[in-house]
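Participant: Pasting the sequence and the predicted model now:
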Amino acid sequence: MLKEKKMQYQVIVITVIMTALLALSELILSSKSVHFFVEKIPGFYFVLGFVASFCIILLGLIMKKMGLKKGEDYYG
């Protein structure tokens, strides 16, 4: 049990570090030539991707609660 908690903690720490590095690289390596106004906002695509992923997960949870998920013995 303790080993599982330690593993979960390590996964969370690694995920947070990778997210911070990606956000930092987005701010540092942003393109100077922009085609649209939103491209001038630092970290726009990073935030857009994060919000879109969150919405997809939330939509999946709502669909699951609405009855989309079938029981374990559905095919048997």
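Facilitator: That came through fine.
Participant: can you tell me which helix in this protein is longest?
Facilitator: Across the chain, the longest stretch assigned as helix under DSSP state H is helix 2-28.
Participant: and that helix, what does it pack onto?
Facilitator: helix 44-63 (3 or more C-beta pairs under 8 Å, 6 or more residues apart in numbering; DSSP states H and E). C-betas here are computed from N, CA, C, even on glycine.
Participant: List the buried residues in the helix it packs on.
Facilitator: Neighbour-count burial for helix 44-63, with 16 or more other C-beta atoms under 10 Å as criterion, is recorded at residue 46.
Participant: Can you pull out the low-pLDDT segments for this protein?
Facilitator: 30-31, 76 (pLDDT under 70).
Participant: Now do the end-to-end distance for stretch 25-32.
Facilitator: 14 Å (C-alpha to C-alpha, to the nearest Å).
Participant: again, but for stretch 58-69
Facilitator: First-to-last residue span, stretch 58-69, C-alpha to C-alpha: 15 Å.
Participant: So residue 40 versus residue 71, what's the distance?
Facilitator: Counting by C-beta to C-beta, to the nearest Å, the gap from residue 40 to residue 71 is 51 Å.
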